[in-house]
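S.K.: Structure here, sequence nowhere to be found:
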Ligand SMILES: N[C@@H](CCC(=O)N[C@@H](CS)C(=O)NCC(=O)O)C(=O)O
């Protein structure tokens, strides 16, 4: 398909998955149509607009429009781009299913566990401290268990599924990279640490992470940006907009 791609995104782990994919495809020399990047300000509620809801029924970024195709869910978008623009990022045959199980492991395990740990660590400002103890303990323990699984999988491998960098690495990396923000200690897992460094220095990954980042903050947020994300995250964690529109029914 030669129609342009429209990527609806924001500088967050799920958004970066798709921008990294686009840049890794370019890095492999794959000819892509033009890509229009539309930034959705999720801190001010743009994800609830009618125009974005028509792309992502779940009202969360990222979203992708390509011709008649409208897609939500970052891992579905990675699969779509992988199939539409064939490359080693999304192998065929039995190898595809090997990659898909790790992609799904990210979507159903690592992402939600890290995301919930992050939410209770940084964003649940209105929840009394004593009520956070259980979820923090639970999501930290589950994240550590998932890290042990990943560390074992990476033993003797360059990337999650072997010698080739794939969409499984792309999906997992942004969450691991943000470990200081979620306060999940990855330093106990040597294979994960070494893999993170290998992935971090890839030119496609660097360019993908720069989408939506403030100039000079591609690697590290400033204190001001951290404050902005902490307060914006609290707004999202409250689910206020959804709760309000629901109660009107
Ligand atoms: N499972 C979804 C998760 C998407 C998601 O949680 N996106 C966040 C940013 S990382 C978002 O849009 N949050 C806005 C909100 O919760 O209102 C995916 O993988 O695409």
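M.R.: Sure thing, it's come through. Quantities reported herein were computed from a predicted structural model and do not represent experimental measurements.

S.K.: switch to C-alpha atoms for all contacts and neighbour counts from now on
M.R.: Noted.

S.K.: quick one: which helix or strand includes residue 71?
M.R.: For residue 71, the host element (DSSP states H and E) is strand 69-72.

S.K.: Likewise for residue 38?
M.R.: strand 35-39.

S.K.: swap in residue 83?
M.R.: Using DSSP H and E, the element containing residue 83 is helix 74-84.

S.K.: returning to what we had before: tell me the buried residues in the strand holding residue 71?
M.R.: In terms of neighbour count (16 or more other C-alpha atoms under 10 Å), strand 69-72 has its buried residues at 71, 72.

S.K.: Please apply the same query to stretch 118-129.
M.R.: Neighbour-count burial for stretch 118-129, with 16+ other C-alpha under 10 Å as criterion, is recorded at 118, 119, 120, 121, 122, 123, 124, 125.

S.K.: Let's see which of those end up in strands.
M.R.: Members of those lying in strands (criterion: DSSP state E): none.

S.K.: out of those, who's nearest residue 169?
M.R.: residue 118 (20.4 Å; C-alpha to C-alpha).

S.K.: what does this protein put close to the ligand?
M.R.: By C-alpha under 6 Å from any ligand atom, the part of the chain that sits against the ligand consists of 12, 13, 14, 42, 60, 61, 62, 73, 74, 75, 236.

S.K.: which residues of the protein fall in helices?
M.R.: Assigned by DSSP state H, the helices in the chain fall at 13-27, 50-53, 74-84, 94-105, 111-118, 129-154, 167-177, 179-182, 190-200, 203-209, 223-237, 240-247.

S.K.: so what does the first one touch, helix or strand wise?
M.R.: If contacts are counted by 3 or more C-alpha pairs under 8 Å, 6 or more residues apart in numbering; DSSP states H and E, helix 13-27 sits against helix 74-84, helix 167-177, helix 203-209.
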